[in-house]
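>>> A structural model of the following input is requested.
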Amino acid sequence: MDSKFTKILWSLNKEEIDMVNVLINIVERNDSFDPDTPFDYMSPFYIIDTNMHELSASLGFTHLSIEHINTVLENLSTKIATMYFEDGADRTMKKGAFVLEFIVTSSNKDVNKRLQIYVNTRLVKILRDDKKLIELLYKFAKYELRSKYSKLLYEMFGKKDKTSMKISVEDLIDELDYDLVENKNKTWSRLNSNILKRAVAELEEKSNLAIDYAKIKAKDEKDGRVKTSMVQLEATAAPEMEEPDVYFTNEFLMPRKIAYYLEREVDKKFESASRFGTISIRDEEAYKAKTRRELKKFHKEHEAKVLLQEWINLVKYENPEVHGLVSLVGFQNYDLVTVNNDYVLVDVETKKPLSTNAIDSRDKIKRFLNDEGGSYTIADTDGKIKDCSISYTKG
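Okay, the predicted model is just below:
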């Protein structure tokens, strides 16, 4: 991949771009956990280990959305991206899907419904190197642009950050990757009738960008004939009705994840209350609304739960064949310490609590691993897994 990337053509809808956006965020987050190991861009694929709950939360759902996730991943395995590269005078076009393969695994002990997603490393690199590309894809989806030339013309003005442009016919054809091989020449009339008129009309009809253009004639030095040699383009952009979604950062996604985990807790509390007859089904919405308001007061606690679960999943998925509990080794002189269903640190042997809540657990784990140089492992605990399912992995 020594050639310089120049542009991408990829027809995705908003849901598909959201998924790509979230998956790139997971790649970058996982990469930050191991900064000493360079990302392997020489491999044709990169494996993203995640689960249905994390993707449901990151995509803005408040409940598990397995069918939606499967459908979007299937689409990303069939919708082909066309990528253009340059190496000096040579230009190369490469095609590929973002999702090469995905595997869903679920077991009674691992309630997270694990996902292994094999993604195209070349596309990962392109999207990590230039975050504005995802923003551009959102715009194309919002405006429902169909013509590749409309997209290229829109991108051309965006990249150059200009409203006025004078360009030769040959350079404009090159910018639009338009090569009239079948005619053995590149003429203004062909460019105008086959590309510009149609692309400009679609942009004016669907997008916030309007383009006027005029041909500029000059005498050809070779044959002395007067012909169109340059094109003057003038663009005006109406204000966006709404900005496209930002590149999904951890800060952007965290409120979504908190809302998802909070809703799971609301559901659990309602199920428990209705099971023991303390509330009737008809009062479900009122009960859930009240519980939701009460739980939202503990914003930091829910954030700590999200971060703990992400760290635990990362450890689990680093060792997919190993069977047991994610455990700290030698924490406070205990042999093995894990995280239970209440996100409290407990001694695996005695179940003695060693923290008070998720915030306390998160702080103590960070201090143990980062400041004290502690270590973690996945330990076979001979069935001692009760109340520790968020840390349990089945190899």
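
>>> can we go C-alpha only for contacts and neighbour counts from here?
Fine.

>>> Report the mean per-residue pLDDT for the helix or strand Lys316 falls within.
Using DSSP states H and E, Lys316 maps to helix 299-318. The average pLDDT for helix 299-318 rounds to 89.

>>> who touches it?
The contact list for helix 299-318 (CA atoms under 8 Å, 6 or more residues apart in numbering) reads 30, 49-50, 254, 257-258, 261-262, 326, 343, 357-359, 362, 377-378, 390-391, 393.

>>> Please state the offset of that helix from the chain centre?
The chain centroid and the centroid of helix 299-318 are separated by 18 Å under CA atoms, centre = their mean, to the nearest Å.

>>> buried sites along that helix?
Of all the residues in helix 299-318, those buried under the rule 16 or more other CA atoms under 10 Å are 301-313, 315-317.

>>> So which of the residues you listed is the closest to Phe276?
Phe276 has its nearest neighbour among those in His302, at 25.9 Å by CA to CA.

>>> related to what we said a few turns ago, which of the contacts of helix 299-318 fall within helices?
30, 254, 257-258, 261-262, 358-359, 362 (DSSP state H).

>>> Assign a three-state SS to Gln232, would you?
The three-state label given to Gln232 by DSSP: H, G, I helix; E, B strand; the rest coil is strand.

>>> Excluding chain neighbours, what is closest to it?
Nearest residue to Gln232, sequence neighbours excluded (CA to CA, 6 or more residues apart in numbering): Lys166, at 4.5 Å.

>>> Hmm, that neighbour is touching Ser229, no?
No. The pair Lys166 / Ser229 is not scored as a contact, 10.5 Å apart, by CA atoms under 8 Å.

>>> ok, how many other residues are close to Asp90?
By the criterion of other CA atoms under 10 Å, Asp90 has 8 neighbours.

>>> Could you report the distance from it to Asn51?
Noted for Asp90: a distance of 42 Å to Asn51, by CA to CA, to the nearest Å.

>>> Buried residues of stretch 42-54, list them for me.
Here stretch 42-54 shows 45-54 as buried, counting by 16+ other CA under 10 Å.

>>> cool, and stretch 75-84?
Under 16+ other CA under 10 Å, the buried positions of stretch 75-84 are 75-77, 79-81, 83-84.

>>> Looking at pLDDT only, which of these scores worst?
Across the buried residues of stretch 75-84, the member with the lowest pLDDT is Tyr84, scoring 90.

>>> Need the residues that contact the host helix or strand of it.
Secondary structure assignment for Tyr84, by DSSP H and E: strand 80-87. Residues outside strand 80-87 that contact it (CA under 8 Å, 6+ apart): 2-11, 91-98.

>>> Note down every partner strand of it and its orientation.
Applying DSSP bridges, strand 80-87 is found paired with strand 4-9 (antiparallel), strand 90-97 (antiparallel).

>>> Quick one: distance of that strand to the chain centre.
The chain centroid and the centroid of strand 80-87 are separated by 20 Å, computed with CA atoms, centre = their mean.

>>> How about exporting it as PDB, limited to the C-alpha atoms?
Extracted in PDB, the C-alpha atoms of strand 80-87 (Å, rounded to 0.1, in the frame of the first residue of the first chain):
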ATOM      1  CA  ILE A  80     -18.200  -2.700  -2.600                       C
ATOM      2  CA  ALA A  81     -16.000   0.400  -2.100                       C
ATOM      3  CA  THR A  82     -14.000   1.700  -5.000                       C
ATOM      4  CA  MET A  83     -10.700   3.200  -3.900                       C
ATOM      5  CA  TYR A  84      -8.400   5.200  -6.100                       C
ATOM      6  CA  PHE A  85      -4.600   5.500  -5.600                       C
ATOM      7  CA  GLU A  86      -1.800   7.400  -7.300                       C
ATOM      8  CA  ASP A  87       1.900   6.500  -7.600                       C
END
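
>>> Am I right that Val27 is in contact with Asp49?
No. Between Val27 and Asp49 there is no contact under CA under 8 Å: 9.3 Å.

>>> Show me the domain layout of the chain.
According to automatic domain parsing, the chain comprises the domains 4-131, 149-237, 249-292, 298-395.

>>> So which of those domains is nearest Phe140?
domain 149-237 (7.0 Å).

>>> phi, psi of Asp130?
Backbone torsions for Asp130, taken as degrees, to the nearest 10, come to phi -140, psi 90.

>>> And it, how close does it get to Leu152?
Asp130 is 16 Å from Leu152, by CA to CA.

>>> more crowded one of these two?
For Asp130 and Leu152, the more surrounded residue by other CA under 10 Å is Leu152, and the numbers stand at 18 against 10.

>>> Do you know the pLDDT at the more buried one?
Looking at Leu152, the pLDDT reads 91.

>>> Would it be right to say that it lies in a helix?
Yes. Leu152: assigned to a helix according to three-state DSSP.

>>> So it is in contact with Leu176, correct?
Yes. Here Leu152 lies in contact with Leu176, judged by CA under 8 Å, at a distance of 6.0 Å.
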